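Peer 1: curious how this folds, go ahead:
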Amino acid sequence: MQQKKECNLPSEEEMSDLADLFKIFGDTTRLRILFTLFDDERSVSEIAQILNMTQSAVSHQLAVLRTSKLVGSRRDGKQIFYFLADEHVHTIVAVGREHIEE
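Peer 2: The predicted model follows:
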């Protein structure tokens, strides 16, 4: 009798968290923001100008990205600058783009 290979499925909680993460990437506005932060940190006003969006709309999406730990921020005086939270986010965005370009 042949033995079944083990499958390392994540727990239900991990599956749910992973699905939620991919939902965040499922929004084109949030992806556009992530791409503006791909190589450099930027302020809300810079992001809004690049994407031709209101600062309010950008701030709302940045809050979602921050809560999901995809974007970090630092304060410099009165201004806040946003950046990709870590190399994992950079890799996810880069590999996703690479995949669709094949």
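Peer 1: show me where this protein has its strands.
Peer 2: 42-43, 71-76, 79-84 (DSSP state E).
Peer 1: distance to residue 9, mean pLDDT and mean neighbour count added to those strands, as JSON lines?
Peer 2: C-beta: built from backbone N, CA, C; applies to glycine. What follows is the strands of the chain, written out as JSON lines (distance: least, Cβ to Cβ, whole Å; pLDDT from 0 to 100; neighbours: other Cβ atoms under 10 Å):
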{"stretch": "strand 42-43", "distance to residue 9": "39", "mean pLDDT": "98", "mean neighbour count": "17"}
{"stretch": "strand 71-76", "distance to residue 9": "29", "mean pLDDT": "96", "mean neighbour count": "13"}
{"stretch": "strand 79-84", "distance to residue 9": "29", "mean pLDDT": "96", "mean neighbour count": "17"}
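Peer 1: mind giving me CSV with the ones you listed and columns for distance to residue 33?
Peer 2: Output for the strands of the chain, formatted as CSV (distance: least, Cβ to Cβ, whole Å):
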stretch, distance to residue 33
strand 42-43, 9
strand 71-76, 8
strand 79-84, 8
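Peer 1: pull the contacting residues for the residue most central in space within the chain.
Peer 2: By Cα atoms, centre = their mean, the chain has its centre lying nearest to residue 70, at 4.3 Å. Counting by Cβ atoms under 8 Å, 6 or more residues apart in numbering, residue 70 makes contact with 24, 34, 84-85, 89.
Peer 1: could you list the low-confidence segments of the protein?
Peer 2: 1-4 (pLDDT under 70).
Peer 1: hey, where'd the helices end up in it?
Peer 2: According to DSSP state H, the chain carries its helices in the segments 12-25, 28-36, 44-51, 55-67, 87-101.
Peer 1: for residue 76, find the nearest of those.
Peer 2: Closest to residue 76 of the helices of the chain is helix 44-51 (Cβ to Cβ; 12.8 Å).
Peer 1: and the closest one, what other elements does it pack with?
Peer 2: Under the contact criterion of 3 or more Cβ pairs under 8 Å, 6 or more residues apart in numbering; DSSP states H and E, helix 44-51 touches helix 28-36, helix 55-67, strand 79-84.
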